[in-house]
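Student: How does the following fold in three dimensions:
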Amino acid sequence: MPIRIPSDLPAQNVLGEENIFVMDLERAAHQDIRPLEVGILNLMPNKIETEVQLLRLLSNTPLQINVDLIRIDNEAPKHTPQAHMDAFYHQFDDISDKKYDGLIVTGAPLAMLDYEQVKYWDKMQEVMDWARRHVQSTLFLCWAAHAAVYHYFGINRELRDEKLSGVYPHQVNVEHDELLRGFDPVFNAPHSRYGEVPLADYQSRPELHVLASGEQTGAYLVASRDKRLVFVTGHPEYDPETLSQEYQRDVSAGLSPKVPLRYFPDDDPNQAPLVTWRSHGSLLFSNWLNYYVYQTTPYDLTQIA
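Tutor: Got it, this is the predicted structure:
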(Lines give C-alpha, C1' and ligand atoms only; values in the text may rest on other atoms or scores of the structure.)
Protein backbone atom coordinates (compact mmCIF):
# COMPACT_ATOMS: atom_id res chain seq x y z
CA MET A 1 0.00 0.00 0.00
CA PRO A 2 1.15 3.56 -0.47
CA ILE A 3 2.14 5.30 2.75
CA ARG A 4 1.86 9.04 2.34
CA ILE A 5 4.90 10.66 3.95
CA PRO A 6 7.07 13.68 3.10
CA SER A 7 9.47 12.90 0.27
CA ASP A 8 12.54 13.88 2.31
CA LEU A 9 11.69 11.88 5.47
CA PRO A 10 14.67 9.52 6.05
CA ALA A 11 12.32 6.53 6.18
CA GLN A 12 11.52 7.12 2.50
CA ASN A 13 14.93 5.87 1.33
CA VAL A 14 15.12 2.98 3.79
CA LEU A 15 11.70 1.64 2.84
CA GLY A 16 12.35 2.17 -0.85
CA GLU A 17 15.43 -0.02 -0.64
CA GLU A 18 13.20 -2.73 0.87
CA ASN A 19 10.82 -2.50 -2.09
CA ILE A 20 8.07 -1.00 0.07
CA PHE A 21 5.76 1.34 -1.85
CA VAL A 22 5.94 4.83 -0.38
CA MET A 23 4.06 7.68 -2.02
CA ASP A 24 4.90 11.36 -1.64
CA LEU A 25 2.14 13.87 -1.00
CA GLU A 26 2.11 15.27 -4.55
CA ARG A 27 1.46 11.90 -6.16
CA ALA A 28 -1.09 10.91 -3.54
CA ALA A 29 -3.10 14.05 -4.28
CA HIS A 30 -3.98 12.61 -7.71
CA GLN A 31 -5.66 9.51 -6.25
CA ASP A 32 -9.41 9.99 -5.86
CA ILE A 33 -9.84 8.15 -2.55
CA ARG A 34 -9.95 9.06 1.10
CA PRO A 35 -6.75 7.86 2.76
CA LEU A 36 -6.79 6.66 6.32
CA GLU A 37 -5.50 9.31 8.70
CA VAL A 38 -3.05 7.72 11.16
CA GLY A 39 -1.04 9.55 13.82
CA ILE A 40 2.12 8.24 15.45
CA LEU A 41 2.93 9.68 18.87
CA ASN A 42 6.62 8.78 19.03
CA LEU A 43 8.00 8.73 22.59
CA MET A 44 11.18 6.79 21.81
CA PRO A 45 14.56 8.62 21.99
CA ASN A 46 15.70 7.42 18.56
CA LYS A 47 12.82 8.84 16.56
CA ILE A 48 14.09 7.93 13.11
CA GLU A 49 14.66 4.26 13.92
CA THR A 50 11.17 3.95 15.40
CA GLU A 51 9.60 5.76 12.43
CA VAL A 52 11.10 3.23 10.02
CA GLN A 53 9.99 0.28 12.14
CA LEU A 54 6.38 1.45 12.36
CA LEU A 55 6.06 2.65 8.77
CA ARG A 56 7.36 -0.71 7.58
CA LEU A 57 4.59 -2.48 9.48
CA LEU A 58 1.93 -0.08 8.23
CA SER A 59 2.90 -0.83 4.65
CA ASN A 60 1.45 -4.34 4.34
CA THR A 61 -2.06 -3.39 3.25
CA PRO A 62 -3.69 -2.06 0.04
CA LEU A 63 -5.04 0.96 1.93
CA GLN A 64 -3.57 4.40 1.43
CA ILE A 65 -2.46 5.97 4.69
CA ASN A 66 -1.61 9.56 5.50
CA VAL A 67 0.79 9.56 8.46
CA ASP A 68 1.28 12.42 10.93
CA LEU A 69 4.27 12.23 13.29
CA ILE A 70 3.35 13.80 16.64
CA ARG A 71 5.29 15.04 19.67
CA ILE A 72 4.13 16.35 23.05
CA ASP A 73 7.09 18.40 24.28
CA ASN A 74 9.67 20.85 22.96
CA GLU A 75 12.76 19.24 24.44
CA ALA A 76 15.42 18.15 21.96
CA PRO A 77 15.59 14.33 21.89
CA LYS A 78 18.96 12.81 22.75
CA HIS A 79 19.29 10.65 19.67
CA THR A 80 17.47 12.62 16.96
CA PRO A 81 18.57 15.87 15.27
CA GLN A 82 16.48 18.89 16.19
CA ALA A 83 16.23 19.73 12.49
CA HIS A 84 14.44 16.41 11.94
CA MET A 85 11.92 17.19 14.67
CA ASP A 86 11.30 20.68 13.30
CA ALA A 87 10.82 19.41 9.76
CA PHE A 88 8.61 16.37 10.27
CA TYR A 89 6.84 16.48 13.63
CA HIS A 90 3.58 18.18 14.60
CA GLN A 91 3.09 19.51 18.09
CA PHE A 92 0.07 17.83 19.64
CA ASP A 93 -1.59 21.18 20.33
CA ASP A 94 -1.39 21.99 16.62
CA ILE A 95 -3.32 18.88 15.55
CA SER A 96 -5.64 18.49 18.54
CA ASP A 97 -8.67 19.64 16.52
CA LYS A 98 -8.08 16.92 13.92
CA LYS A 99 -9.70 13.48 13.97
CA TYR A 100 -7.85 10.29 13.07
CA ASP A 101 -8.83 6.84 11.93
CA GLY A 102 -5.95 5.37 13.92
CA LEU A 103 -3.28 6.40 16.41
CA ILE A 104 -0.14 4.54 17.49
CA VAL A 105 1.55 5.48 20.77
CA THR A 106 5.04 4.04 21.16
CA GLY A 107 6.86 2.80 24.20
CA ALA A 108 9.29 4.95 26.16
CA PRO A 109 12.37 4.25 28.34
CA LEU A 110 10.59 5.19 31.57
CA ALA A 111 10.42 1.83 33.31
CA MET A 112 11.52 2.90 36.78
CA LEU A 113 9.40 6.04 37.12
CA ASP A 114 5.94 6.22 38.62
CA TYR A 115 3.60 7.63 36.02
CA GLU A 116 3.11 10.84 37.99
CA GLN A 117 6.90 11.35 37.94
CA VAL A 118 7.05 11.39 34.14
CA LYS A 119 7.63 14.99 33.09
CA TYR A 120 4.98 14.88 30.38
CA TRP A 121 2.43 12.75 32.27
CA ASP A 122 -0.18 15.52 32.37
CA LYS A 123 0.13 15.87 28.60
CA MET A 124 -0.06 12.12 28.14
CA GLN A 125 -3.32 12.04 30.07
CA GLU A 126 -4.63 14.85 27.89
CA VAL A 127 -3.70 12.91 24.76
CA MET A 128 -5.35 9.71 26.02
CA ASP A 129 -8.57 11.55 26.85
CA TRP A 130 -8.42 13.29 23.46
CA ALA A 131 -7.95 9.95 21.68
CA ARG A 132 -11.23 8.61 23.04
CA ARG A 133 -13.03 11.49 21.30
CA HIS A 134 -10.89 11.98 18.20
CA VAL A 135 -9.56 8.55 17.19
CA GLN A 136 -11.42 5.48 15.98
CA SER A 137 -8.82 3.00 17.30
CA THR A 138 -5.60 3.59 19.25
CA LEU A 139 -2.76 1.08 19.53
CA PHE A 140 -0.47 1.41 22.56
CA LEU A 141 2.95 -0.29 22.65
CA CYS A 142 4.91 -1.52 25.70
CA TRP A 143 5.26 1.33 28.25
CA ALA A 144 2.39 3.20 26.61
CA ALA A 145 0.17 0.10 26.92
CA HIS A 146 0.71 -0.07 30.68
CA ALA A 147 0.32 3.70 31.01
CA ALA A 148 -2.96 3.64 29.11
CA VAL A 149 -4.38 0.74 31.14
CA TYR A 150 -3.53 2.73 34.26
CA HIS A 151 -5.12 5.91 32.94
CA TYR A 152 -8.30 4.37 31.53
CA PHE A 153 -8.94 1.59 34.04
CA GLY A 154 -6.91 2.41 37.16
CA ILE A 155 -4.84 -0.78 36.83
CA ASN A 156 -1.27 -0.11 37.96
CA ARG A 157 1.75 -2.12 36.89
CA GLU A 158 4.24 -3.89 39.09
CA LEU A 159 8.01 -3.82 38.51
CA ARG A 160 9.81 -7.07 37.89
CA ASP A 161 13.03 -7.86 39.75
CA GLU A 162 14.73 -8.57 36.43
CA LYS A 163 14.10 -7.11 33.01
CA LEU A 164 11.97 -9.21 30.70
CA SER A 165 14.17 -9.26 27.62
CA GLY A 166 14.07 -11.63 24.70
CA VAL A 167 11.72 -13.34 22.26
CA TYR A 168 8.91 -15.28 23.93
CA PRO A 169 6.16 -17.66 22.80
CA HIS A 170 2.52 -16.60 23.14
CA GLN A 171 -0.76 -18.43 22.79
CA VAL A 172 -3.79 -17.20 20.88
CA ASN A 173 -6.64 -17.05 23.40
CA VAL A 174 -9.47 -15.87 21.14
CA GLU A 175 -9.08 -17.73 17.87
CA HIS A 176 -11.71 -15.88 15.87
CA ASP A 177 -11.02 -12.30 16.89
CA GLU A 178 -10.18 -10.30 13.76
CA LEU A 179 -7.02 -8.89 15.30
CA LEU A 180 -5.58 -12.43 15.37
CA ARG A 181 -6.85 -13.57 11.99
CA GLY A 182 -4.19 -15.69 10.29
CA PHE A 183 -2.10 -16.14 13.46
CA ASP A 184 -0.58 -19.48 14.34
CA PRO A 185 -1.85 -20.90 17.67
CA VAL A 186 1.60 -20.17 19.15
CA PHE A 187 3.68 -17.24 17.93
CA ASN A 188 6.75 -15.29 19.03
CA ALA A 189 7.16 -11.64 19.95
CA PRO A 190 9.99 -9.57 21.48
CA HIS A 191 9.76 -8.01 24.94
CA SER A 192 12.00 -5.48 26.64
CA ARG A 193 10.47 -4.21 29.87
CA TYR A 194 10.41 -4.18 33.64
CA GLY A 195 6.70 -3.38 33.96
CA GLU A 196 4.16 -6.13 34.50
CA VAL A 197 0.38 -6.03 34.88
CA PRO A 198 -0.92 -9.31 36.31
CA LEU A 199 -3.12 -11.25 33.91
CA ALA A 200 -5.89 -11.41 36.51
CA ASP A 201 -6.06 -7.60 36.62
CA TYR A 202 -6.88 -7.43 32.93
CA GLN A 203 -9.38 -10.26 33.28
CA SER A 204 -11.12 -8.45 36.14
CA ARG A 205 -12.34 -5.75 33.75
CA PRO A 206 -15.32 -6.82 31.61
CA GLU A 207 -14.49 -4.09 29.09
CA LEU A 208 -11.20 -5.81 28.21
CA HIS A 209 -10.45 -8.94 26.24
CA VAL A 210 -7.09 -10.71 26.67
CA LEU A 211 -6.54 -11.93 23.11
CA ALA A 212 -3.05 -13.45 23.49
CA SER A 213 -0.77 -14.20 26.42
CA GLY A 214 2.38 -16.09 27.35
CA GLU A 215 3.42 -18.19 30.32
CA GLN A 216 6.47 -15.97 30.95
CA THR A 217 5.14 -12.68 29.62
CA GLY A 218 1.58 -12.59 30.92
CA ALA A 219 -0.88 -10.65 28.80
CA TYR A 220 0.59 -9.72 25.43
CA LEU A 221 -2.36 -8.48 23.40
CA VAL A 222 -5.41 -6.91 25.07
CA ALA A 223 -8.24 -5.01 23.40
CA SER A 224 -11.34 -3.19 24.52
CA ARG A 225 -14.50 -4.89 23.36
CA ASP A 226 -15.44 -1.86 21.25
CA LYS A 227 -12.08 -2.23 19.37
CA ARG A 228 -11.12 1.38 20.08
CA LEU A 229 -8.24 0.56 22.45
CA VAL A 230 -5.51 -1.99 21.77
CA PHE A 231 -2.69 -2.70 24.25
CA VAL A 232 0.45 -4.56 23.12
CA THR A 233 2.88 -5.20 25.97
CA GLY A 234 5.79 -6.20 23.72
CA HIS A 235 7.57 -4.84 20.67
CA PRO A 236 6.35 -6.49 17.45
CA GLU A 237 7.90 -3.57 15.55
CA TYR A 238 11.49 -4.31 16.61
CA ASP A 239 14.15 -4.74 13.93
CA PRO A 240 16.37 -7.87 14.00
CA GLU A 241 19.18 -6.00 15.80
CA THR A 242 17.17 -3.91 18.27
CA LEU A 243 17.39 -6.25 21.27
CA SER A 244 21.08 -6.80 20.55
CA GLN A 245 21.70 -3.06 20.53
CA GLU A 246 19.84 -2.66 23.83
CA TYR A 247 21.84 -5.50 25.36
CA GLN A 248 25.18 -4.05 24.23
CA ARG A 249 24.14 -0.61 25.48
CA ASP A 250 23.41 -2.02 28.93
CA VAL A 251 26.67 -3.97 28.92
CA SER A 252 28.59 -0.79 28.07
CA ALA A 253 26.78 1.02 30.90
CA GLY A 254 28.01 -1.60 33.39
CA LEU A 255 24.52 -2.89 34.17
CA SER A 256 25.44 -6.59 33.77
CA PRO A 257 22.26 -7.46 31.87
CA LYS A 258 21.17 -11.00 31.21
CA VAL A 259 21.37 -12.17 27.61
CA PRO A 260 17.96 -11.78 25.90
CA LEU A 261 16.26 -15.18 25.92
CA ARG A 262 15.56 -17.12 22.70
CA TYR A 263 17.03 -14.32 20.63
CA PHE A 264 20.59 -15.37 19.88
CA PRO A 265 21.16 -19.00 18.77
CA ASP A 266 22.06 -20.96 21.92
CA ASP A 267 21.66 -17.63 23.80
CA ASP A 268 25.15 -16.74 22.57
CA PRO A 269 25.44 -12.95 22.00
CA ASN A 270 28.40 -13.56 19.68
CA GLN A 271 26.03 -15.06 17.12
CA ALA A 272 23.63 -13.20 14.84
CA PRO A 273 20.08 -12.96 16.21
CA LEU A 274 17.49 -15.47 15.04
CA VAL A 275 14.44 -13.53 13.83
CA THR A 276 11.17 -15.41 14.51
CA TRP A 277 8.59 -12.66 15.08
CA ARG A 278 8.39 -10.40 12.03
CA SER A 279 5.61 -12.18 10.13
CA HIS A 280 3.23 -12.03 13.09
CA GLY A 281 4.21 -8.43 13.82
CA SER A 282 3.32 -7.46 10.27
CA LEU A 283 0.07 -9.42 10.42
CA LEU A 284 -0.92 -7.76 13.71
CA PHE A 285 -0.60 -4.27 12.24
CA SER A 286 -2.37 -5.27 9.02
CA ASN A 287 -5.27 -6.76 10.96
CA TRP A 288 -5.50 -3.70 13.20
CA LEU A 289 -5.63 -1.37 10.20
CA ASN A 290 -8.16 -3.50 8.36
CA TYR A 291 -10.54 -4.76 11.03
CA TYR A 292 -10.18 -2.31 13.92
CA VAL A 293 -9.68 0.83 11.86
CA TYR A 294 -10.82 0.65 8.22
CA GLN A 295 -13.84 -1.62 8.80
CA THR A 296 -15.15 0.47 11.71
CA THR A 297 -14.18 4.08 11.00
CA PRO A 298 -16.76 6.47 9.53
CA TYR A 299 -16.10 7.89 6.06
CA ASP A 300 -16.70 11.32 7.56
CA LEU A 301 -14.16 11.59 10.37
CA THR A 302 -16.14 14.34 12.08
CA GLN A 303 -18.58 11.60 13.15
CA ILE A 304 -16.01 10.03 15.50
CA ALA A 305 -17.08 10.69 19.07
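Student: any idea how far residue 268 is from residue 174?
Tutor: Using CB to CB, to the nearest Å, one gets 36 Å for the distance from residue 174 to residue 268. Where C-beta positions appear, they are placed from N, C-alpha and C, glycine not excepted.
Student: The two - which one has more neighbours?
Tutor: residue 174 (14 against 9; other CB atoms under 10 Å).
Student: Which stretches in this protein count as strands?
Tutor: 3-4, 22-23, 36-41, 65-71, 89-91, 100-105, 135-141, 158-172, 186-196, 208-214, 218-224, 229-232 (DSSP state E).
Student: Export those strands to CSV and append columns for distance to residue 123.
Tutor: Below are the strands of the chain laid out as CSV (distance: least, CB to CB, whole Å):
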stretch, distance to residue 123
strand 3-4, 27
strand 22-23, 30
strand 36-41, 10
strand 65-71, 10
strand 89-91, 10
strand 100-105, 12
strand 135-141, 15
strand 158-172, 23
strand 186-196, 20
strand 208-214, 25
strand 218-224, 22
strand 229-232, 19
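Student: which stretches of the stretch 1-150 of the chain have low pLDDT?
Tutor: 1-5, 7, 11-12, 15-33 (pLDDT under 70).
Student: Would you map the helices across it?
Tutor: Using DSSP state H, counting those that start in this stretch, the helices of the stretch 1-150 of the chain run over residues 10-17, 25-28, 47-58, 82-88, 92-95, 121-134, 143-153.
Student: Show me what the longest one is packed against.
Tutor: The criterion is 3 or more CB pairs under 8 Å, 6 or more residues apart in numbering; DSSP states H and E, and the helices and strands that helix 121-134 contacts are helix 92-95, strand 100-105, helix 143-153.
Student: mind running it again at 6 Å?
Tutor: Contacts defined by 3 or more CB pairs under 6 Å, 6 or more residues apart in numbering; DSSP states H and E place helix 121-134 against helix 143-153.
Student: Tell me the helices and strands packed up against the helix it packs on.
Tutor: helix 121-134, strand 229-232.
Student: Looking at those, which is nearest to residue 305?
Tutor: helix 121-134 (6.4 Å; CB to CB).
Student: Report the buried residues of that closest one.
Tutor: Buried residues in helix 121-134, counted by 16 or more other CB atoms under 10 Å: 121, 124, 125, 127, 128, 130, 131, 134.
Student: wait, residue 287 sits on residue 182?
Tutor: No. At 7.3 Å, residue 287 does not count as touching residue 182 under the criterion of CB atoms under 6 Å.
Student: And stretch 84-101, end to end?
Tutor: From its first residue to its last, stretch 84-101 covers 25 Å (CA to CA, to the nearest Å).
Student: Please list the outside residues in contact with it.
Tutor: Contact partners of stretch 84-101, identified using CB atoms under 6 Å, 6 or more residues apart in numbering, comprise 9, 36-37, 39, 68-72, 134-136, 293, 297, 301, 304.
Student: out of those, who's nearest residue 83?
Tutor: residue 9 (12.4 Å).
Student: residues contacting that closest one?
Tutor: Per CB under 6 Å, 6+ apart, neighbours of residue 9: residue 88.
Student: just the one 5 residues further on next, same as before
Tutor: Remark: with contacts taken as CB under 6 Å, 6+ apart, residue 14 is in contact with residue 52.
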